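3D, please:
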Amino acid sequence: MDNNVLLSIYKYVIEKGDMGICVVDTEGKLLIYNKKMRELEGVNEDEFEERRALEIIDFEIEKSDIYKVLSSETPVLNVKKTYWNKKNQEVTYISNIYPLHYEGVLVGAVEFARDITQLEYMMYQPLRRYGAPLTFDIITAVSAVVKDVIEKAKIVALSRMPVVLIGESGTGIDMVAEGIHHDLKVKNDMFIALICRRDEETVLKQFEKYIVEKEKITFFAERIEYLSMEAQEQIVELFNNYPNHQHMLIASVGKDPIDLIQEQQLSKKLYRLFSGITIYVPPLRERKEDIMPFVDDYFKRHRDTFGSSIQGLSDEVKEIFFKYDWPGNLKELEVLLDEISSLLTNETVIDIHMLPAHFKWKIQHSYDNRAEDTVDLFIIKNPNDIRPLDVYMKEVEEYYISKALDFHQGNISKTAAALGIRRQSLQYRVKNYKLNKKSENID
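Numbering: from 1, shown residues only. Below is the predicted model of the structure:
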């Protein structure tokens, strides 16, 4: 086939595909910026012509993931981004960025962006109640990290300390919040979940109404950073006007609250109001041992409710579930099981042919975009040593921070300076990785 014909085909596939693609040279000049990427960024066709990629994406150069890849020649994978694009549309996508080499020389970088905006919106829906209160007993997780979350949550319930829950959508944060409410030694009158990303005016009215009318309410402000700074300050003022309240305050945020404060998405006063303690709820990709208990519980309820014969997953489907990164966490898994179960007849096992086509596509795409390990930080002797890439990268980061702390005798400030990150960010990571013994010398 003629090279010009092939080139035309490649251009057509790139432009018509539903994957955002951005290619830049080593100077940041745009080489490819396809239709889907323009839609994600909210950029018109006229805008991207003759402009540098970093200007379009509107990131500071030192913070740009593309710039990091060009500087380090190392891939940046599974970066989840949520922001308001240039058309004032809220967009969420997962991005993989790879360095491009030609004959051993760096010539640029390519970014593949998978749009999960609708998935992210769906994941804000709470996990199903099954007609029962969401107590700690209903949580099926078996991982050590979630058991630690529940242990801390029970301490919160006992002490009635205000708490900030940190984690992605769909992880089950709503279950932890309501579990705290039901575990209170002195019971509250009611549990009120306030979805802050939806109707700011309604959220403020509910706070104002129940602070005054009721004596003991459990307020759960879900993703409180989505409120405007003005609304956040109003909530602080409301509680300052009623300092002797007996309400229980729970809030959730999507990432490190210190970063949110510095990015002016979270009021420092509001954070102090809610943060007697903070609890990090890890995403499902970091605790995949919790997948099968959730699936088994789901199918048990399906058998009890519908009299079905379904028992579980085939070995092939189990392997697929363990390899997938689950950007929508437990909620995505629950929705997928709903879709599969709606077509059940007399099956006893979920086989691969029963998986929805859209999920098979996502799985295939996930496999296609995984880069081979090129950094020899951990020795891999055989196939059994291979772990999911996100788990491997977390281990690399934990190992790297641990070594940096060792070299600086556990001094947080010196280690943070050496790593080029903020002191608060290092403290947050130290807490998550349970490296506290290495960081006793906090100046």
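
so Leu194 sits in a helix?
No: with DSSP: H, G, I helix; E, B strand; the rest coil as the criterion, Leu194 is assigned strand and is not in a helix.

surely it touches Gln206?
Yes: under the criterion of CB atoms under 8 Å, Leu194 makes contact with Gln206 at 5.9 Å. C-beta coordinates here come from the backbone N, C-alpha and C atoms, glycine included.

who has more neighbours, these two?
Leu194 (21 against 17; other CB atoms under 10 Å).

bridged to that one, which residues?
Beta bridges link Leu194 to Ala221 when assigned by DSSP bridges.

how about the contacts made by it?
Val203, Gln206, Phe207, Phe219, Phe220, Ala221, Glu222 (CB atoms under 8 Å, 6 or more residues apart in numbering).

identify the neighbouring strands of the longest strand seen in the chain in the sheet and state each direction.
Longest strand in the chain by number of residues, with DSSP state E as the criterion: strand 90-102. Using DSSP bridges, strand 90-102 pairs in its sheet with strand 76-84 (antiparallel), strand 105-115 (antiparallel).

hey, where'd the strands end up in this structure?
Using DSSP E, strands in the chain cover 20-25, 30-33, 76-84, 90-102, 105-115, 163-166, 190-195, 217-222, 248-253, 277-280, 312-313, 349-350.

hey, least reliable of those strands by pLDDT?
Among these, strand 76-84 carries the lowest mean pLDDT, at a mean of 74.

how far off centre is it?
9 Å (CA atoms, centre = their mean, to the nearest Å).

what about the nearest residue to Gln234 once chain neighbours are set aside, how many neighbours?
Spatial nearest neighbour of Gln234, excluding adjacent residues (CB to CB, 6 or more residues apart in numbering): Leu204 at 6.0 Å. Using other CB under 10 Å, Leu204 has 19 neighbouring residues.

dump the residue contacts of Lys68.
Lys68 touches Thr74, Val76, counting by CB under 8 Å, 6+ apart.

any idea how far it is from Ala416?
18 Å (CB to CB, to the nearest Å).

with Gln264 instead?
22 Å.

between the two, which one's more packed in?
Taking other CB under 10 Å, Gln264 and Ala416 do not tie; Ala416 has more neighbours (21 against 9).

OK, contacts around the more buried one?
Taking CB under 8 Å, 6+ apart as the test, what Ala416 contacts is Arg422, Arg423, Ser425, Leu426.

okay, now the unreliable bits of the stretch 101-250 of the chain?
Applying pLDDT under 70 to the stretch 101-250 of the chain flags the ranges 117-131, 198.

rerun that using 80 as the cut-off
Counting by pLDDT under 80, the stretch 101-250 of the chain has low-confidence residues at 116-133, 197-199, 213-214.

for it, which segments count as helices?
117-123, 144-159, 173-182, 200-213, 229-241 (DSSP state H, counting those that start in this stretch).

dump the ones you listed into CSV; add distance to Ser8 as well.
Supplementary listing: the helices of the stretch 101-250 of the chain in CSV, determined by distance: least, CB to CB, whole Å:
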stretch, distance to Ser8
helix 117-123, 31
helix 144-159, 51
helix 173-182, 49
helix 200-213, 49
helix 229-241, 50
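
tell me the most buried of those?
Among the helices of the stretch 101-250 of the chain, the stretch with the highest mean neighbour count (mean count of other CB atoms under 10 Å) is helix 173-182, at a mean of 24.

quick one: distance of that one to the chain centre.
Computed by CA atoms, centre = their mean, the chain-centroid distance of helix 173-182 equals 19 Å.

ok, Ile192 - how many residues close by?
For Ile192, the tally of surrounding residues (other CB under 10 Å) stands at 18.

which non-adjacent residue is nearest the residue nearest in space to the middle of the chain?
Nearest residue to the geometric centre of the chain (CA atoms, centre = their mean): Glu168, 3.6 Å. Leaving aside its sequence neighbours, Glu168 sits nearest to Pro283 (CB to CB, 6+ apart; 5.0 Å).

might one say that that neighbour is in contact with Lys331?
No: between Pro283 and Lys331 there is no contact under CB under 8 Å: 11.3 Å.

between the helices of the stretch 101-250 of the chain, which one is nearest to His302?
Evaluated over the helices of the stretch 101-250 of the chain, closeness to His302 peaks at helix 173-182, with 19.3 Å, by CB to CB.

name the helices or strands packed onto that closest one?
helix 144-159, strand 163-166, strand 190-195, strand 217-222, strand 248-253 (3 or more CB pairs under 8 Å, 6 or more residues apart in numbering; DSSP states H and E).

which other residues reach the shortest one?
Which is strand 163-166. Strand 163-166 is contacted from outside by 153, 156, 173, 176-177, 180, 249-257, 271, 274-281, using CB under 8 Å, 6+ apart.

switch the cut-off to 6 Å
156, 173, 176, 250-253, 274-275, 277-281 (CB atoms under 6 Å, 6 or more residues apart in numbering).

same deal with stretch 229-245?
Glu200, Leu204, Phe207, Glu208, Ile211, Ser267, Lys269, Leu270, Leu273.

at 10 Å instead, please
Applying CB atoms under 10 Å, 6 or more residues apart in numbering, the contact partners of stretch 229-245 are 162, 194, 196, 200-201, 203-204, 207-208, 211-212, 214-217, 219, 221, 224-228, 247, 249, 251, 264-274.

now render the strands of the chain as JSON lines, adding distance to Asp325.
What follows is those, written out as JSON lines (distance: least, CB to CB, whole Å):
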{"stretch": "strand 20-25", "distance to Asp325": "18"}
{"stretch": "strand 30-33", "distance to Asp325": "25"}
{"stretch": "strand 76-84", "distance to Asp325": "6"}
{"stretch": "strand 90-102", "distance to Asp325": "8"}
{"stretch": "strand 105-115", "distance to Asp325": "11"}
{"stretch": "strand 163-166", "distance to Asp325": "19"}
{"stretch": "strand 190-195", "distance to Asp325": "25"}
{"stretch": "strand 217-222", "distance to Asp325": "23"}
{"stretch": "strand 248-253", "distance to Asp325": "21"}
{"stretch": "strand 277-280", "distance to Asp325": "18"}
{"stretch": "strand 312-313", "distance to Asp325": "18"}
{"stretch": "strand 349-350", "distance to Asp325": "20"}
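
out of those, which comes closest to Ile412?
Across the strands of the chain, closest to Ile412 is strand 277-280 (CB to CB), at 17.1 Å.

which neighbours in the sheet does the closest one have, and how are they oriented?
With DSSP bridges as the test, strand 277-280 is paired with strand 163-166 (parallel).

restricting to C-alpha, output the strand it pairs with in CSV.
The C-alpha trace of strand 163-166 is given here as CSV (Å, rounded to 0.1, in the frame of the first residue of the first chain):
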residue,chain,number,x,y,z
VAL,A,163,-13.3,13.8,60.7
VAL,A,164,-12.2,14.3,57.2
LEU,A,165,-12.3,11.2,55.0
ILE,A,166,-9.8,11.3,52.0
